[in-house]
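**Q** Model the following, please.
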Amino acid sequence: MATPTLPTSSRRLLISGLLLAATGAIAASGKAVIVKLAYRHGADATALLALRMMIAFPFFIAMGMWAARRAQPLSAGDRWRVLLLGFSGYYLSSYLDFLGLQYISATLERLILYLSPTLVVLIALVMLKQRPTRIQIAALLVSYLGVLLAFGHDIQLEGRRTLIGSALVFASALSYAVYLFGSGQAVARIGAVRLTAYASMVACVLCIGQYLLFQPWAALWEYAPPVYWLSLLNGTVCTVLPVLAIMIGVKRIGSSLAAQVSMLGPVSTIVLSVWLLDEPMGIWQSAGTVLVLLGVLLVGSGVAKKK
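**A** Below is the predicted model of the structure:
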């Protein structure tokens with residue numbers, strides 16, 4: 001296996017890049033666990049999403065202003081792209097994910113979400129007639145087999161709830177895959193930081209607006225205190241921190257190596273869910289996790305070989 005070419009020869013930058021990418025992956029992995037803990041205190045998906053985005057909103061505004069300070073104004077076409085990408089990647093995907101977490105374990109949720117890279121391959125096949133390589137086809141088979149193993153175990157325990165939750169989270173993964181596919185076309189013109197910040201700002205407005213459309217503002221402040229502490233963690237440590245850490249990490253070590261480091265995410269989710277949620281972790285979930293991670297690695301190696 002060829003050693004990946006790194007964008008830096010500095011040992012210090014390499015180590016700091018690896019640490020940043022690992023920090024981002026682990027921080028993002030806590031989102032599902034925090035959401036499930038908040039559900040225990042009576043919060044619903046719409047309220048948790050609104051609180052999360054209210055907390056993250058100022059940070060994304062600051063990121064957007066910083067990224068735009070020397071950039072050209074967006075064209076009308078790019079403005080529409082940002083709106084659509086924000087809707088698909090950060091609003092709809094997050095909302096479906098939060099809904100799904102009401103029904104399934106954090107472990108199964110994370111495994112299904114990790115199908116997004118394989119879904120991008122399928123979207124490229126449909127939209128661009130871009131045939132997958134043999135490695136990518138193997139990645140698809142391995143990844144979906146892994147999810148089926150974990151899904152088959154959980155459906156024996158929860159039945160209908162597992163079906164509903166898995167369908168919602170799979171729709172979330174598909175929505176995020178649409179974002180990944182679309183952002184790949186737009187990032188060269190808009191810039192990675194500015195696109196992420198603008199799309200996230202769109203999602204913040206949509207999430208807060210969705211709550212206000214169906215419930216009064218005062219109702220958002222009637223939950224138990226732990227809901228707000230958990231939402232503070234969700235909005236900062238599990239939302240803003242991963243975005244910044246992973247972006248800086250990718251600049252220092254490259255996207256290929258950063259993607260491999262991101263494999264820590266599902267493992268971290270499993271550890272946290274067993275520790276904090278008392279979720280069972282048997283042989284089928286373990287086998288499924290290994291297969292999904294292998295599939296994501298194969299997708300990454302397939303993309304690298306194409307380049």
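**Q** Output the contacting helices and strands for the helix ranked longest in the chain.
**A** In the chain, assigned by DSSP state H, the helix with the most residues is helix 160-190. In this structure, helix 160-190 packs against helix 76-85, helix 93-100, helix 106-113, helix 116-128, helix 134-158, helix 192-214, with contacts taken as 3 or more CB pairs under 8 Å, 6 or more residues apart in numbering; DSSP states H and E. C-beta coordinates here come from the backbone N, C-alpha and C atoms, glycine included.
**Q** chain center to the fifth one, what's the gap?
**A** Same thing as helix 134-158. 19 Å (CA atoms, centre = their mean, to the nearest Å).
**Q** what do you get for the first one?
**A** Mean C-alpha position of helix 76-85 versus that of the full chain (CA atoms, centre = their mean) differs by 21 Å.
**Q** helices or strands next to that helix in the packing?
**A** helix 160-190, helix 192-214.
**Q** And for the third one?
**A** Counting by 3+ CB pairs under 8 Å, 6+ apart, the packing neighbours recorded for helix 106-113 are helix 11-39, helix 93-100, helix 134-158, helix 160-190, helix 264-276, helix 283-306.
**Q** Check the last one too.
**A** With contacts defined as 3+ CB pairs under 8 Å, 6+ apart, helix 192-214 has these neighbours: helix 45-68, helix 76-85, helix 93-100, helix 160-190, helix 241-253.
**Q** re the thing from before, list the buried residues for the longest helix of the chain?
**A** For helix 160-190, the neighbour count (16 or more other CB atoms under 10 Å) marks 162, 164-166, 168-183, 186, 190 as buried.
**Q** To Y144, which of the helices and strands packed on helix 192-214 lies closest?
**A** Set against Y144 and scored by CB to CB, the helices and strands packed on helix 192-214 come closest in helix 160-190, at 10.6 Å.
**Q** coming back round to it: so the longest helix of the chain versus helix 11-39, what angle?
**A** Here helix 160-190 runs at an angle of 140 degrees relative to helix 11-39 (axes from the mean of the first three to the mean of the last three CA atoms, to 10 degrees).
**Q** what pLDDT, on average, does helix 160-190 get?
**A** The predicted model assigns helix 160-190 a mean pLDDT of 89.
**Q** same deal with stretch 284-292?
**A** 79.
**Q** and that stretch, how far from the chain's centre?
**A** 19 Å.
**Q** picking that back up, including distance to I248 and mean neighbour count, could the helices and strands packed on helix 160-190 go into CSV?
**A** Below are the helices and strands packed on helix 160-190 laid out as CSV (distance: least, CB to CB, whole Å; neighbours: other CB atoms under 10 Å):
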stretch, distance to I248, mean neighbour count
helix 76-85, 21, 16
helix 93-100, 23, 23
helix 106-113, 23, 27
helix 116-128, 21, 17
helix 134-158, 27, 18
helix 192-214, 10, 20
